[in-house]
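S.K.: can you look at this prediction? I've put the sequence above it.
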Amino acid sequence: MIMVSNRKIVLIILLVMALSATTYFMLVVIPAKIARQTYDGAKQIGKDVASVFQLTPEVIVNNTIILQQKSPVLELATIKQQFQHQYSWMNTWAGSTKKINISGVFESKAGFDLNKRFSIAIHDEHATVLLPAPQVLSVELVGDVKFSDEHGIWNWVNQQDRANAIEAFQRDARTYAQQGEFVQMAKNNAKEKLTAILKAHGKTAEIVFDDSAKVIAPER
């Protein structure tokens, strides 16, 4: 009877050890492995975004920041396009009107202000991307300017008029670029690329454009 009891005790001890090992594996080893894979996957998403956009977004997994936002530049241009622009400058004095017709080629860049927050928050298989609202970053004259002068009867075009006309011409070109489709093109371009990157990692993407979000400084 003593031998049987000892065997039972040994079996119970072995069973307890097996259950303990299984519990440890299920509650500690597997979650740690999954968490490590999740964090590694999040870091890879950050690297893939950086390879496309030349900047690292803030990456958050289950409310934990995995990567801080980093950028070597303050602006990200995703769309660059040239356009022909025409403008007419006029001045009237004593009933006599002079006019300067101007035309030239501009290059417009639209994209994002990186002083504002760019983050990717990951929860399971869903990712919410936060970007600042896209905007026109620059409008530069890149082609030769052509002038066509129309003198008034006693109000003639002079060099100062041309200087005033070219300044107004550039302001009008920038207004045109801001009202055109360049900003929408920048938004669509960013959404398309980010959605493709996240899809490759098995994530559905929600892209949110919020101009009020600020970059979160790392804790010290």
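M.R.: Yes, it's here.

S.K.: show me the shaky parts of the chain.
M.R.: Scanning the chain with the threshold set as pLDDT under 70 gives 1-38, 72-74, 212-220.

S.K.: please, where are all the helices along it?
M.R.: For the chain, helices defined by DSSP state H occupy the ranges 2-24, 30-53, 159-179, 182-200.

S.K.: specify the beta-bridge partners of residue 110.
M.R.: residue 79, residue 136 (DSSP bridges).

S.K.: give me the neighbour count for it.
M.R.: 26 (other C-beta atoms under 10 Å). C-beta here means a position set from N, CA and C on the backbone, and glycine is covered the same way.

S.K.: with residue 163 instead?
M.R.: Neighbours of residue 163 (other C-beta under 10 Å): 10.

S.K.: give me every residue that touches it.
M.R.: Going by C-beta atoms under 8 Å, 6 or more residues apart in numbering, residue 163 touches no other residue.

S.K.: is it true that residue 80 touches residue 106?
M.R.: No: when contacts are counted by C-beta atoms under 8 Å, residue 80 is not listed as touching residue 106 (11.3 Å).

S.K.: so the residue most central in space within the chain bridges to which residues?
M.R.: Centroid check for the chain by C-alpha atoms, centre = their mean gives residue 131 as the closest residue, at 5.1 Å. Note on residue 131: beta-bridge partners by DSSP bridges are residue 209.

S.K.: ok, now which ones touch it?
M.R.: Applying C-beta under 8 Å, 6+ apart, the residues near residue 131 are 112, 118, 190, 207, 208, 209, 210.

S.K.: that older thread, the more surrounded of residue 80 and residue 106?
M.R.: Each of residue 80 and residue 106 has its neighbours counted (other C-beta under 10 Å); residue 106 has more, 21 against 14.

S.K.: how much space between the more buried one and residue 147?
M.R.: Counting by C-beta to C-beta, to the nearest Å, the separation of residue 106 from residue 147 is 16 Å.

S.K.: try residue 59
M.R.: Distance from residue 59 to residue 147, counting by C-beta to C-beta: 52 Å.

S.K.: again, but for residue 41
M.R.: Residue 41 is 59 Å from residue 147, by C-beta to C-beta.

S.K.: does residue 84 touch residue 103 like I think?
M.R.: Yes: with contact defined as C-beta under 8 Å, residue 84 counts as touching residue 103 (6.9 Å).

S.K.: higher neighbour count, those two?
M.R.: residue 103 (16 against 10).

S.K.: for residue 95, see how far away the residue nearest to the centre of the chain is.
M.R.: Counting by C-beta to C-beta, the gap from residue 131 to residue 95 is 54 Å.

S.K.: returning to that earlier point: look at residue 59 and residue 147 and report which has more neighbours.
M.R.: Higher neighbour count among residue 59 and residue 147: residue 59, with 25 against 15, using other C-beta under 10 Å.

S.K.: excluding chain neighbours, what is closest to that one?
M.R.: Closest residue to residue 59 apart from its sequence neighbours, by C-beta to C-beta, 6 or more residues apart in numbering: residue 67 at 4.1 Å.
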